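Undergrad: Structure here, sequence nowhere to be found:
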């Protein structure tokens, strides 16, 4: 999973599943989850290392996920009323992604 920041959006690039464009001005909430978020894959791509696609769990219902496997830290975003879960390869990468996202999101809210 490669995350590339552009002026108005984050481009999520994968070789195994559909890419995703996250416009900063469509984000309603951002939350860092140190404990990860469990879920069952409904459709998409899943290996012990990567979890990509549509997932389901009791808390979030159906949601889109672009994360690495296991209970690794992740970022929960609310985008147009729907959940999006993303994460880096490790805790440090996920924290850096979270901090950059918050900065871009706050700038987008100010216009």
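TA: Yep, it's here. Not measured: the values here are computed from a predicted model.
Undergrad: Where do the helices of this protein begin and end?
TA: Taking DSSP state H to define them, one finds helices in the chain at 91-109.
Undergrad: what's the residue closest to the geometric middle of it?
TA: residue 86 (2.0 Å; CA atoms, centre = their mean).
Undergrad: need the contact list for it.
TA: 1, 3, 12, 65-67, 74-75, 77, 97 (CB atoms under 8 Å, 6 or more residues apart in numbering). Every residue, glycine included, has its C-beta placed from N, CA and C.
Undergrad: which residues in this structure form strands?
TA: With DSSP state E, the ranges of strands along the chain come out as 2-5, 9-13, 20-23, 27-33, 40-46, 50-57, 61-68, 74-79, 82-86.
Undergrad: how about JSON lines for those strands, with distance to residue 110 added?
TA: JSON lines is the format used below for the strands of the chain (distance: least, CB to CB, whole Å):
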{"stretch": "strand 2-5", "distance to residue 110": "17"}
{"stretch": "strand 9-13", "distance to residue 110": "16"}
{"stretch": "strand 20-23", "distance to residue 110": "15"}
{"stretch": "strand 27-33", "distance to residue 110": "13"}
{"stretch": "strand 40-46", "distance to residue 110": "34"}
{"stretch": "strand 50-57", "distance to residue 110": "32"}
{"stretch": "strand 61-68", "distance to residue 110": "27"}
{"stretch": "strand 74-79", "distance to residue 110": "19"}
{"stretch": "strand 82-86", "distance to residue 110": "22"}
